[in-house]
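J.: dropping the sequence and predicted coords here.
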Amino acid sequence: MSLSREQMLVEMGITPIWVLRDEAPVEPAAAVSQVVPAEAETAAAVAVVAPAASPPADFALHPMTAVDTLDWPELARQVTDCRACPLCEQRKQAVLGVGDLNPDWLFIGEGPGAEEDAKGEPFVGQAGKLLDNMLASLDIVRGQRVYIANAVKCRPPANRTPEAVELAACAPYLERQIALLKPKIIVLLGKVAVHALLHDDKALAALRGKRYEVAGIPVVVTYHPAYLLRNLPDKAKAWEDLLFARRLLREQMAPELPF
Ligand code: SF4
């Protein structure tokens, strides 16, 4: 799908704000100072993830073999067959990710939902449509310059929030994806992705507008598209976050140029 910028702005429902922010981007520190603290995602999205714990005693885990040397075909094969956490029990299929294998951008969400589980691709359905529109606002189309993945590769039953043990079990796959992709910027979509990669369970409002780093790659935090569908005013904040990420990307690509 390819929307014009105007179509995207209409879709996001925040046309004036997005245009103005793009022309006069807010500095990261200012953006942080403008954040209203503690606006909450839905209960499912904000559930504080407990520290990593042991898997359920009644689940027959198949310990994951080392993944830090796998190439893409080997990684895909291992994820497809993975039984390293209880999420394997009810999935239709594992969903590794989709996109350009030499991307500038890496977007990381929470985990597959029902439609993703059925189709084998992350971010389909309404949240996926919104993510595509967010990408379009950056002049990106799915599959070009961007890779999209999730913190866990298998659908949690009833779309519940992945548990800490599941995030920990799946983390080596995400880490290997980052190592293979070598993106120039990572955008974390929602609290679960933040917990998985940054191991921080603060409120998202307190985490936005700052530059983090993983494996030398800048990382930015913003809202999950599914949350934005239910909280329309926060789309403007998501746009601020994307502009911030784009500035960091430009600094990565051409540090000698002023922006
Ligand atoms: Fe394996 Fe990750 Fe699926 Fe758990 S969620 S079974 S660790 S691929």
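T.: Okay, I see it.

J.: how about the residues of the stretch 51-200 of the chain by the ligand?
T.: 79, 82-85, 87-88, 94, 152-154, 166, 169-170, 173 (Cβ under 6 Å from any ligand atom). From N, CA and C alone the C-beta is placed, and that goes for glycine too.

J.: okay, now the unreliable bits of this structure?
T.: Residue ranges of the chain with pLDDT under 70: 1-61, 63, 255-259.

J.: now the strands: where do they sit in it?
T.: 98-99, 105-109, 146-150, 185-189, 212-214, 217-222 (DSSP state E).

J.: rebuild those as CSV, extending it with mean neighbour count.
T.: Shown next, in CSV, are those (neighbours: other Cβ atoms under 10 Å):
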stretch, mean neighbour count
strand 98-99, 20
strand 105-109, 27
strand 146-150, 25
strand 185-189, 28
strand 212-214, 14
strand 217-222, 24
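
J.: looking at the ones you listed, which is nearest to residue 177?
T.: Of all the strands of the chain, strand 146-150 sits nearest to residue 177, with 5.7 Å by Cβ to Cβ.

J.: so what strands line up beside that closest one?
T.: Using DSSP bridges, the strands paired with strand 146-150 are strand 98-99 (antiparallel), strand 105-109 (parallel).

J.: mind putting these in CSV, distance to residue 118 included?
T.: Shown next, in CSV, are the strands paired with strand 146-150 (distance: least, Cβ to Cβ, whole Å):
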stretch, distance to residue 118
strand 98-99, 14
strand 105-109, 17
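
J.: which one of those lies closest to residue 188?
T.: strand 105-109 (5.4 Å).

J.: what angle sits between the closest one and strand 217-222?
T.: Interaxial angle, strand 105-109 versus strand 217-222 (axes from the mean of the first three to the mean of the last three Cα atoms, to 10 degrees): 50 degrees.

J.: which residues sit against strand 105-109?
T.: The contact list for strand 105-109 (Cβ atoms under 8 Å, 6 or more residues apart in numbering) reads 122-123, 131, 135, 138, 140, 145-151, 174, 177-178, 181, 183-190, 192-193, 196-197, 224-225, 245, 249.

J.: hmm, try it at 6 Å
T.: With Cβ atoms under 6 Å, 6 or more residues apart in numbering as the test, strand 105-109 has contacts from 146-150, 181, 183, 185-189, 193.

J.: which of the residues you listed sits closest to the ligand?
T.: Among the contacts of strand 105-109, residue 150 lies closest to the ligand (Cβ to the nearest ligand atom), at 8.9 Å.

J.: partners of the closest one in the sheet?
T.: Counting by DSSP bridges, residue 150 is bridged to residue 109.

J.: show me what contacts it?
T.: Counting by Cβ under 6 Å, 6+ apart, residue 150 touches 109, 111, 122.
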